[in-house]
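Asker: No letters, just coordinates:
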C-alpha cells in the first residue's frame, strides 16, 4: 500500500488542527481537523483560494443563520430557511465550496442555542485554524521542473520522428513508422504536459511561471499545423525536384528541432525555397499542377510552424526562467 504526500499532509494537518483548537480552548475542536482535511489541495494557489472562499462563506452563513434563529428560534425550520437563502447566495458569489463546512459550523450555533459573540468567535477561529493549517502544509510542494523537462523532451522527440516521416513521404520512400499513431501520441503528450504546466503554475505564488504554459500552447498550435501538413503530404503522388529539396529542408528541421532553437535560419531557408518555387517553370500536366499546389501548401504550413516557434522564443528571450531552464 502506497501512502502519498497528500495523505500524509491530511493526517498530520488534521491532528495539528485539533490539537491547536483544543489548546486555544475552542469548542468542537474536532471540526478544525475536518476543515483541514477538506482544505488540503493539489496546489498552493488552490489551497489559498479555497481558504478565502470558506472564510467568506462562513461570515455569510453565520450572518444569515443568526437572522433566522432570531426570527424563528433555534429549530430545524430555521435551519431549513437558512439553507434556502444561503445556498443560492453562495452559488451567486461563487463560494459553493464553503457551503458544507459553513453549514457544519452553523449547526454548532443551533445546538448551543446561543447567538453570543463567544460562539461566533469560536466558529471563525475553528475555520481559521483548519484552513490555516491546510495552507501552511500546502506551502510545500515537490518541484516539477525535472518532470516538465522530461515531458518536453518526449514531445520534441515525437515531433522529430514525425518530420522524418514527412521527409520520407516527400522522397516517396517507404515509411516504417505510423505517422497517424505518432501524431496521436504527440497529442496525448501535450494533454499530459498541459495539465502538468497548469499544476506547476498554481504552485508558484510569486515566481513567474508562464513559460511552461506558453510553451505547451505553442506546441499545441504546432500540432494542428502538423495535422494539416500530414494531410497535404499524403496526397502527393509524384516525386519532383522540389519535393526532394523540401525533404532535405524537413530533415534539417527535424535535426535542429529544440526548445532553444529560435528557427530564424530555417525560416530563411523556407522563404528562399518559396522564392525558388515562384521562379520555377510552370507545371505541364494536371498531376504536376496538383502536386505543386500541395507542396506549396506544405511549405507554407512549415513556415507558419517555424514562425510560431520564433515568436515564442522572442517573447521569452529575456525571461530569467527561460535562461534557468535552458541551463539545466
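Answerer: Nice, thanks for sending it over. The structure displayed is predicted, hence computed values, not measured ones. Residues are numbered from 1 along each chain as shown.
Asker: Residue 17: how many residues sit nearby?
Answerer: Look at residue 17: counted by other Cβ atoms under 10 Å, it has 28 neighbours. The C-beta positions use only the backbone N, C-alpha and C, and glycine is treated the same way.
Asker: and if you look at the one 4 residues further on?
Answerer: Residue 21 sits with 26 neighbouring residues when counted by other Cβ under 10 Å.
Asker: Now do it against residue 67, distance only.
Answerer: Using Cβ to Cβ, to the nearest Å, residue 21 is found at 27 Å from residue 67.
Asker: Quick check: which ranges of the stretch 151-300 of the chain have low pLDDT?
Answerer: By pLDDT under 70, the low-scoring segments of the stretch 151-300 of the chain are 200-209, 237-241, 279-292.
Asker: All the helices of it, residue numbers only.
Answerer: Applying DSSP state H, counting those that start in this stretch to the stretch 151-300 of the chain gives helices spanning 179-202, 210-235, 241-256, 264-279, 286-315.
Asker: Can you convert these into TSV and add a column each for distance to residue 131?
Answerer: Shown next, in TSV, are those (distance: least, Cβ to Cβ, whole Å):
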stretch	distance to residue 131
helix 179-202	17
helix 210-235	27
helix 241-256	50
helix 264-279	50
helix 286-315	37
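Asker: any chance of those helices in a markdown table, with distance to residue 129 and mean neighbour count too?
Answerer: As requested, the helices of the stretch 151-300 of the chain are exported to a markdown table (distance: least, Cβ to Cβ, whole Å; neighbours: other Cβ atoms under 10 Å):
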| stretch | distance to residue 129 | mean neighbour count |
| --- | --- | --- |
| helix 179-202 | 24 | 17 |
| helix 210-235 | 34 | 18 |
| helix 241-256 | 56 | 17 |
| helix 264-279 | 57 | 14 |
| helix 286-315 | 44 | 17 |
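Asker: Now do the contacts for the closest residue in space to residue 298 that isn't next to it in sequence.
Answerer: Spatial nearest neighbour of residue 298, chain neighbours left out: residue 232 (4.4 Å); criterion: Cβ to Cβ, 6 or more residues apart in numbering. Going by Cβ atoms under 8 Å, 6 or more residues apart in numbering, residue 232 touches 294-295, 297-298, 301.
Asker: Just give me the closest of those to residue 7.
Answerer: residue 301 (47.8 Å; Cβ to Cβ).
Asker: Tell me the pLDDT of the closest one.
Answerer: pLDDT recorded at residue 301 is 89.
Asker: follow-up on the earlier one: next one: the residue nearest to residue 298 from residue 301, what distance?
Answerer: Residue 232 is 7 Å from residue 301, where distance means Cβ to Cβ.
Asker: Cheers, nothing more for now.
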